[in-house]
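> here is my input; please provide its structure:
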Amino acid sequence: MTSSLDYPEGERPIEAWCDLHDLHVRLADGRHVSTPLWWYPRLLAATPAQRNTVELMLDGVHWPEVDEDLSINGMLNGRKARGAIEPSVAAE
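Here you go, the predicted model:
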């Protein structure tokens, strides 16, 4: 578990939401991080209501109805979930 002494205060999430294509997180230092939902297959498969039922943690975001936890560090470093497959442009 990450302690408050180990984690930069500026990277603490203060708001998180999903739209149809992306996950958005606003950080304490004012940055807005967005990553594509396809990076996180559990979130992509969830309903909009499930995606927007979020709990903010010191170092990430938790979706209790989806059983998904994502770290801010992982988002900032471009880490996708294992098995995440980018949808083809032709499927749109």
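> what distance separates stretch 73-88 from the centre of its chain?
Distance of stretch 73-88 from its chain centroid, counting by CA atoms, centre = their mean, to the nearest Å, is 10 Å.
> typo on my end, it should be stretch 25-44
Averaging C-alpha positions (CA atoms, centre = their mean) puts stretch 25-44 4 Å from its chain's average.
> helices of this protein, start to end?
Ranges of helices in the chain, per DSSP state H, are 41-45, 48-51, 72-76.
> tell me the most buried of those?
Highest mean neighbour count among the helices of the chain (mean count of other CB atoms under 10 Å): helix 72-76, with a mean of 18. C-betas here are computed from N, CA, C, even on glycine.
> and it, what other elements does it pack with?
Counting contacts by 3 or more CB pairs under 8 Å, 6 or more residues apart in numbering; DSSP states H and E, helix 72-76 packs against strand 22-27, strand 32-36, strand 60-63.
> quick one: contacts for the residue nearest to residue 40 when sequence neighbours are not counted?
In space, and not counting its chain neighbours, residue 40 is closest to residue 81: 5.1 Å by CB to CB, 6 or more residues apart in numbering. Contacts here follow CB atoms under 8 Å, 6 or more residues apart in numbering; on that basis residue 81 touches 39, 40, 41, 42.
> so which of those is the closest to residue 21?
Using CB to CB, residue 39 comes nearest to residue 21 of the contacts of residue 81, at 11.0 Å.
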